[in-house]
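1. predicted structure and sequence below. I'll ask about it afterward.
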Amino acid sequence: MSVALTPTTAALPPLGSEVDRYEVVGEIAQGGMAAVYLVRRHDGHGFDRLLAMKVMLPHLSREQRFVDMFLDEARIAAFVHHPNVVQVFDVGTTRDGLPYMVMEYLRGRSMTGLLQRTWLSDPPTLTRGMLFGIFASVASGLHAAHEATDRSGASLDIVHRDVSPQNIHVSYDGQVRVVDFGIAAAKGRITSTQTGEVKGKVSYLSPEQVNGETATRATDLWALGVIAYETFSRRRLFRGKSDGETLYNIINREVPPLAALDPELPAAVRECVHQCLDRRVFQRPASAAEVARVFERAAAESGGLGAVALREVVQRAFASERGIEDERIAATLRAAPAPLRENTGEFPSVSDSGRPPAPRGRGRALPLAALALILGVVGGVVGWWTQRNATQTSASAADPTTPTVTAAAPAPRTVRVEMGPGVASVLVDGVADPRRPLVVALAEDGARSVVLVDEAGRAHPRTLTVADDGTTLALAPPPSTAEASAAREVTPEPRRRPRRRARRRAPSEASPSSGSPIRPLASPYGEPR
């Protein structure tokens, strides 16, 4: 499937318009790569359904690679049918030729926000049994993705490649879903990963990803193991003070026994988590289904299986936010003008239904907090979409307590970055970015971090601000000096800081050979890397 590149005059659909059978009733948020809208589908006979629509920004839709990546995300997600995986219902183009996809509208919180509010609280309201149930659901969703087939029955060999707390969504009714297949690997992708490219959030990358090797199902199990380890230990496992140090830790740091950090954890769960964290790919569990069974048994034995208890905890924890969302959704749907019809999709719906919409409906800007959670569901045209504020595109990274989404966002400020030879991978705010050249959307109120990782594994940071808007930067790693030690290779320059970190190592938390110490944090998922 191909889509013609859009003309320079293309514009996002206005609020109150209709895109094919969908009425645009509110803007959820706009990030550096796409805008996300709350839309309503009229199926006739008085049946309305609220959905989320992600529309690529006009300036990116003029580059074929970005369009292809967008279509890849939609195609991959559409073939996975499971209650623990977010559903894609439709794909098309607006009247101006902008690609869009329509997905289920989720209300709830990412695992990041859930843990901060319920597991890291004092006392915690989330139990181990509930956590076992969450991990069982995530593993089941991953297994469904791994086993997905095309219409002929051939395996798609899907690998998510970006499993993280930000990409696990827990709804207000206690349902758990894996979201954001924007950088998933699969057979038949329009775009392909270049040799040496690293995709995914740095802290959850597997050793094989860091080494530039092919990602497999076992790659997703490694990431799930890291999340489980950090959840039960309440400590970050590989996160260092820089992305380079984190990458070094993933390859070299010894994983301390979970038994010493959480003695109450069932032995079967501890063994499963450590097996997921085996650096030898062939020693990890044979499938995500095997991991799901371990957590299902643990949940059943602890009385934590099922969504009922989890739903009660989530609804109590976020009662205030949910009430505000309910009121504002109702107000938005009541007070909207007549729609402006826009009906020219260029390719067919993923779903089978194609009933035309009833000619009614309204639209208005929608400032909703939890709606930003959809951004991870529909965020990730690329895995490099940043998660730094309430308008970011990762569902789980955004958990604001004050709902604010503007009706119209200004044109994004960007910097075009070209990499010279010797650059193995690039990280933008801790997230691997596959684009060559890449376009970095600038933050209005802060700097963006760009880290180049050279072929020797050394990290070289750069900082971009709004002052760089509209410029093109040609970046290349500094010339190689003499061979540095492995500890020095994790920093941009052979300076003294790595040795100082090593001397501060806490013997009670890490062995002498385990690199820098594991640092206890009050909020281990506080930063989405």
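-> In hand now; what should we look at? It should be emphasised that the depicted structure is a prediction, and the values quoted were computed from it without experimental measurement.
2. what's the spacing between Asp96 and Asp68?
-> Applying Cβ to Cβ, to the nearest Å, the value for Asp96 to Asp68 is 19 Å. For glycine as for every other residue, the C-beta is placed from the backbone atoms N, C-alpha and C.
3. right, I mislabeled it, should have said Arg234
-> Per Cβ to Cβ, Arg234 is found 41 Å from Asp68.
4. same check on Thr465?
-> To Asp68, Thr465 is 31 Å away according to Cβ to Cβ.
5. more neighbours: the two, which one.
-> Counted by other Cβ atoms under 10 Å, Thr465 and Asp68 do not tie: Asp68 has more neighbours, with 19 against 14.
6. for that one, pull up the helix or strand it's in.
-> Here Asp68 sits within helix 64-78, counting by DSSP states H and E.
7. so which elements touch that helix?
-> Counting by 3 or more Cβ pairs under 8 Å, 6 or more residues apart in numbering; DSSP states H and E, the packing neighbours recorded for helix 64-78 are strand 48-56, strand 88-93, strand 99-104.
8. in the protein, which spans are helices?
-> 64-78, 111-114, 128-146, 207-210, 217-233, 243-252, 258-261, 267-276, 288-302, 307-317, 319-334, 374-378, 497-503 (DSSP state H).
9. quick one: the fifth one to helix 128-146, angle?
-> When you say that, I think you mean helix 217-233. If you take axes from the mean of the first three to the mean of the last three Cα atoms, to 10 degrees, helix 217-233 sits at 170 degrees to helix 128-146.
10. now for helix 217-233, which elements pack on it?
-> Against helix 217-233 (3+ Cβ pairs under 8 Å, 6+ apart) you get helix 128-146, helix 207-210, helix 258-261, helix 267-276, helix 288-302.
11. between the helices of the chain, which gets nearest to Asp429?
-> Asp429 lies closest, by Cβ to Cβ, to one member of these: helix 243-252, at 9.5 Å.
12. mind giving me the domain ranges of this structure?
-> As assigned by automatic domain parsing, the chain contains the domains 17-106+319-378, 108-316, 414-503.
13. hang on, the earlier thing: tell me the most buried of the helices of the chain?
-> A comparison of the helices of the chain by mean neighbour count, using mean count of other Cβ atoms under 10 Å, puts helix 374-378 on top with a mean of 31.
14. what pLDDT, on average, does it get?
-> Confidence over helix 374-378 (mean pLDDT, whole number) is 42.
15. likewise for stretch 41-54?
-> Mean predicted lDDT for stretch 41-54 stands at 80.
16. with only the CA atoms kept, save it in CSV.
-> Output in CSV follows, covering the C-alpha atoms of stretch 41-54 (Å, rounded to 0.1, in the frame of the first residue of the first chain):
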residue,chain,number,x,y,z
ARG,A,41,-18.3,7.6,14.7
HIS,A,42,-22.0,7.6,13.8
ASP,A,43,-23.1,4.2,12.7
GLY,A,44,-26.8,5.1,12.4
HIS,A,45,-29.7,4.0,14.5
GLY,A,46,-28.6,6.3,17.3
PHE,A,47,-25.3,4.4,17.9
ASP,A,48,-22.3,6.6,18.6
ARG,A,49,-18.8,5.5,19.5
LEU,A,50,-15.9,7.5,20.8
LEU,A,51,-12.5,6.6,19.3
ALA,A,52,-9.0,8.1,19.0
MET,A,53,-7.7,9.3,15.6
LYS,A,54,-4.0,10.0,15.0
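17. circling back to that earlier point, tabulate the helices of the chain (JSON lines), appending distance to Asp157.
-> As requested, these are exported to JSON lines (distance: least, Cβ to Cβ, whole Å):
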{"stretch": "helix 64-78", "distance to Asp157": "11"}
{"stretch": "helix 111-114", "distance to Asp157": "26"}
{"stretch": "helix 128-146", "distance to Asp157": "8"}
{"stretch": "helix 207-210", "distance to Asp157": "15"}
{"stretch": "helix 217-233", "distance to Asp157": "9"}
{"stretch": "helix 243-252", "distance to Asp157": "24"}
{"stretch": "helix 258-261", "distance to Asp157": "31"}
{"stretch": "helix 267-276", "distance to Asp157": "20"}
{"stretch": "helix 288-302", "distance to Asp157": "14"}
{"stretch": "helix 307-317", "distance to Asp157": "30"}
{"stretch": "helix 319-334", "distance to Asp157": "38"}
{"stretch": "helix 374-378", "distance to Asp157": "23"}
{"stretch": "helix 497-503", "distance to Asp157": "39"}
